[in-house]
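# Using only what follows, build the 3D model:
(2 chains)
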2 protein chains.
Amino acid sequence: MATKSRFLLQRAVSGLRAHAAWSTSTLSPGRRLWRPQLRHVSWLRELPDVLSLSLRSHTCGELRSHHLGDKVTLCGWVQYLRQDLFIILRDFSGLTQILIPQEESARHLKAALCDLTAESVIKVTGTVRRRPVGQENKGMPTGEIEVLAEDVEVFNVCRQLPFEIKDFIRKSESLRMQYRYLDLRSSQMQKNLRLRSKLVMKMREYLCNVHGFVDVETPTLFKRTPGGAKEFVVPSREPGRFYSLPQSPQQFKQLLMVAGIDRYFQIARCYRDEGSKPDRQPEFTQVDMEMSFVDQAGIMSLVEGLLQYAWPAENGSLKVPFQTMTYEEAMRDYGVDKPDTRFSMKLVDISEVLLSSEIEFLQSAVSQPGGSIQALNVPRGAVRKETFPVVEYMDQYDENLVLVKEDNTLKSPLKKLLSVSATEELLKRTGAKPGDLLLITAGPLHTRPLLGSLRLQCAQLLESCGISLRNPSAFHFLWVVDFPLFLPKEDEPGQLESAHHPFTAPLPEDKQLLYTEPHKVRGQHFDLILNGCEIGGGSIRIHKASEQLHVLKNILKEDPSLLSHLLEALDSGAPPHGGIALGLDRLVSIIVRASSIRDVIAFPKSFRGHDLMSRAPDLVSDEELKSYHISVRWPTEEGEMK
Amino acid sequence: MATKSRFLLQRAVSGLRAHAAWSTSTLSPGRRLWRPQLRHVSWLRELPDVLSLSLRSHTCGELRSHHLGDKVTLCGWVQYLRQDLFIILRDFSGLTQILIPQEESARHLKAALCDLTAESVIKVTGTVRRRPVGQENKGMPTGEIEVLAEDVEVFNVCRQLPFEIKDFIRKSESLRMQYRYLDLRSSQMQKNLRLRSKLVMKMREYLCNVHGFVDVETPTLFKRTPGGAKEFVVPSREPGRFYSLPQSPQQFKQLLMVAGIDRYFQIARCYRDEGSKPDRQPEFTQVDMEMSFVDQAGIMSLVEGLLQYAWPAENGSLKVPFQTMTYEEAMRDYGVDKPDTRFSMKLVDISEVLLSSEIEFLQSAVSQPGGSIQALNVPRGAVRKETFPVVEYMDQYDENLVLVKEDNTLKSPLKKLLSVSATEELLKRTGAKPGDLLLITAGPLHTRPLLGSLRLQCAQLLESCGISLRNPSAFHFLWVVDFPLFLPKEDEPGQLESAHHPFTAPLPEDKQLLYTEPHKVRGQHFDLILNGCEIGGGSIRIHKASEQLHVLKNILKEDPSLLSHLLEALDSGAPPHGGIALGLDRLVSIIVRASSIRDVIAFPKSFRGHDLMSRAPDLVSDEELKSYHISVRWPTEEGEMK
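Predicted coordinates for the structure are as follows:
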């Protein structure tokens, strides 16, 4: 738009006719027709008016027997032709059968229709008729009627396509991505994108209209954050200077609280360069919220209300408040900080039971720091041969399996080491019954995550052989709270790093530990889990500059000057504040039961970060890179850089 | 969030207490309290509930005399302290006077309050009282009452700030940008951001809820478009391969139409690297829409309805349809394709009048291709010395000025060349009266843009000396239609380029000219103008692959393989479609009468593209650039690249 005006000012332009091509007589009726409708009807309607302003009078999914005799105009794609008699026309809303007239007088119309290929785009006008008796299609919402074609306009005849647009046609992921504009025509992808749009709209209504949140757009061309190895860089026209695409609007949303915006939200595009990771996208979307003068409970209520309000009606209603569990409870009972609570199979601590039997290797395992003996009961796990992979898997970890036999005796190397009373106690504590499989691990704390991961694998194995564990239509939301604020660094365990991010405030009762035993501090952080997937993480933030400085400088040993603008802001009248971000792509994918977030994103990248349709990323000429003062380091044959 | 779970699985974590820090007893009341309120009241309320979930009971702007005696809790910033007697507390909604108790029993409270600095953040609980007679403040919405403090919590004491948060304090643009989080506390910036959020929300309601549009997010990491010199590049981890940040979702929205999405919109982040241009931002936002099975009139109606629906009530209501003008009319009457129609001062073609007087240099000017003589009447332009700059300006262009004297005679070098009847005719056609100034230009077509630009300069000059021309609270929307589809290239006038973009469809009646005289083709493009600023541009797109290929290959002489995915898509059943994009930043800035779009963007870049707060763009180490296979070309002292 911008260059045009300049051109027009500078150039001579000739040969234009004096008057608008679309005269008032041809176009005003359409414009007049719709507007009163809008004012008096549509704004008050429950459902959006998907016909407004369009060339169609009805959608392909709405005609029923009460439309008999109506003259209608439909626009859509040719799903298929049948015996030169019918065309099945499709749009986003459904299918309608078009009857091709067979009379000699309609031969031009018939020829035009019979020449169409599948996926050609037409506008058809005709009259709604009842289908002849016996030809109704109960499986089709419009199956009682058909439209006798009286006029057709062919907008585009479709070439031979790489795959048919039918839900049952299987196509490879890469073919789907390469021809994404065809893939999106499938009813499942149409449903996914439309549900996503509605969900986000409801979320906005809730945040803006119910709670007075302010939608603020924050920059995506930002400064590289300290240690931001996963941030894409964007060269500027100044030599050596780069913007960075941020992983989240974290700093900006805190600055907005300092700025007195009070209630901020944004459906924010975020960027993370993780190379090739399955089911990750280099750009993704989060529902980002922040509030001032609020506590953790307030933000949790906000999110519960948000999801309840926006929840798609077809998935039932959500009960709030959601279940809450501490981090320690989650690790204790499920061996993971994002438990799938759709099924039980909790870990059971059987240290006491087994220690009483004085088995030496178990005693030594328990004597390690945080050591314990844990059991997981896999119900009916011993009666199916499909659970053998579990047995094999456990074997490689040198752990112990116990099968419970019909007579309640055990089949296990452990058997002879256990007294009758210990066996009874074991069965009692784990609730194991004949046919069940007990997985037993012994060792330091990390023995629980191992069992937690086996719990999920066993669940999948059991379900794959027909044992129902999880209700496939269940949505189990769960809050996990009271996370540790810091964790030992992986490569330098004497040093602490933030469990989430350095802005999380400690629990009030742990605040003093920040200055004495920081590794013991729990943070005001809370994760939202849905069906065992983490879909959001939030926290109350540090709002005092001195505390933030202490965390950065003394605990995390980071250079605070890199965040000087944030520290200065906290010192300039920062209110107490907190917020949360929900992963929108993941949330939607769970709601529509998609196997990958790629199925809820219109144009996703492949797992290698490629756009297979346009072939991005692409080569850029050295000349074009010059204005950004960069050049490519091509790898040499030895794999080194020039 | 991602790394955490992994850590937790692998590490031993000790010392966590068993139970949640916020026990049910302390937090449940808050959560319980709010939820029923929400269900039964808030969702039905007209106004958002800005108190929900928060520590405050009221905002600082809402207390009136009907609150007398109420116990209230306010949260906010100390605007100022007065005589150790009062604190004026501010939040986003307004100001409230807090009375500091003076009794000895309240000495701790008094000390705490009197120690506060301006912009400190507190929570205050107290009782609403009537101000003593004579101390009411009629200029303050809460001026009838004050709150007697009974309890205070100091969240943060504020340091000395670089500027005071008062609307009348003037600060430099760079100081405002460096401390943006303080600048945003001003009532004007609060208003701007909040109005923007509401406007966008209403737009979304209109598009989603009224017309069934689908909000689809399109990628911002995309492939470089042919000749996309203004696109930022983003290096990938594959040597030599770059993503590009697109200038608009143009290709994606057309592909969504091919995909059967039918009605798409997105509040889309767009990127344009224009180096240092005043009032341009490297990232900006457009309201992006596209529809299938629609014509130009349909899209224009859509946008009119959109603006009417979303228009802020405080600015009155919008009348639709908007005025429409062809490109030719705009150039003829205003000398520009985006006329400011808030005032008249139209260009008048006086070729006929002056040619009759047989002045040689005028005749020669008119004999050039498209030549004419144009006049602009500046009412009262000759009576003020402030219009002298206009005179000077015209002089440098070697054009002619005519001052109309009291007796209706002219003061001008032209005077003696004009007959009495020609003079009379001149005054009649231009409507010039005594005291008016006539600007006259003669030459080929571009003489009109010159006069069009002088028209705007004169308007500013007249207004700056108090002559009212334009109603400052007027909003004049205007459609300009029937643009030429192609223009001669600036550096190669024998060659055509797209006036807007290569996807615009020709007017149906000009379609055949595409194959014979493409320079004569008018496009189905339409610009939306508000008060002389272009705030949107839309078009009906080419939906046939063969026509698109002809335009790219034969007319524009571009390599069609670069857009092969789009051409393939058009050949795969593309519906007729069209759309528009509105520049949101510009639109909001006009609505709030901001002088720059920086005043409606929360964290804008300086005109050099810098974030003055965080100092982006920033240096990135060579080591970090290695994974992107790029290195910096540092300029040498001679200004050349290494």
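
# Now do the phi/psi pair for residue A:127.
Its backbone dihedrals place residue A:127 at phi -110, psi 140, with angles given as degrees, to the nearest 10.

# got the contact list for it?
Residues in contact with residue A:127 (Cβ atoms under 8 Å, 6 or more residues apart in numbering or on different chains) are A:69, A:70, A:71, A:72, A:147, A:148, A:150. Every C-beta, even on glycine, is put in place using the N, C-alpha and C of the backbone.

# partners of it in the sheet?
Each beta-bridge partner of residue A:127 is listed here: residue A:71, residue A:148, as defined by DSSP bridges.

# List phi and psi for residue A:592.
For residue A:592, the backbone dihedrals are phi -90, psi 0 (criterion: degrees, to the nearest 10).

# about what we covered before: for the contacts of residue A:127, pick the one with the most neighbours.
The residue in the contacts of residue A:127 with the most neighbours, by other Cβ atoms under 10 Å in any protein chain shown, is residue A:147 (27 neighbours).

# got the residue ranges for the helices in the stretch 251-400 of chain A?
Read by DSSP state H, counting those that start in this stretch, the stretch 251-400 of chain A holds these helices, from start to end of the chain: A:296-310, A:327-334, A:351-355, A:360-366, A:388-396.

# ditto for the stretch 51-200 of chain A
A:107-114, A:173-178, A:180-183, A:187-204.

# The stretch 501-642 of chain A too?
Counting by DSSP H, counting those that start in this stretch, residue ranges of the helices within the stretch 501-642 of chain A are A:545-549, A:564-570, A:584-591, A:622-626.

# Give me the local confidence score for the closest residue to residue A:379 other than its chain neighbours.
When the adjacent residues along the chain are set aside, residue A:379 lies closest to residue A:436, with 5.3 Å between them (Cβ to Cβ, 6 or more residues apart in numbering or on different chains). At residue A:436, the predicted lDDT confidence score is 88.

# related to what we said a few turns ago, need the contacts of residue A:127 in TSV with pLDDT, can you?
As requested, those are exported to TSV (pLDDT from 0 to 100):
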residue	pLDDT
A:69	97
A:70	97
A:71	98
A:72	98
A:147	98
A:148	98
A:150	97
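
# Can I get these in JSON lines including distance to residue A:171?
What follows is the contacts of residue A:127, written out as JSON lines (distance: Cβ to Cβ, whole Å):
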{"residue": "A:69", "distance to residue A:171": "41"}
{"residue": "A:70", "distance to residue A:171": "38"}
{"residue": "A:71", "distance to residue A:171": "39"}
{"residue": "A:72", "distance to residue A:171": "33"}
{"residue": "A:147", "distance to residue A:171": "31"}
{"residue": "A:148", "distance to residue A:171": "35"}
{"residue": "A:150", "distance to residue A:171": "37"}
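
# Low-confidence ranges, chain A, go.
Counting by pLDDT under 70, chain A contains low-confidence residues at A:1-46, A:227-228, A:276, A:356-358, A:384-400, A:637-642.

# domains of it?
What the record gives for chain A is the domain set A:65-156, A:343-464, A:477-575, from automatic domain parsing.

# if we can go back for a sec, now the helices of the stretch 51-200 of chain A as a markdown table including mean neighbour count?
What follows is the helices of the stretch 51-200 of chain A, written out as a markdown table (neighbours: other Cβ atoms under 10 Å in any protein chain shown):
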| stretch | mean neighbour count |
| --- | --- |
| helix A:107-114 | 15 |
| helix A:173-178 | 17 |
| helix A:180-183 | 25 |
| helix A:187-204 | 20 |
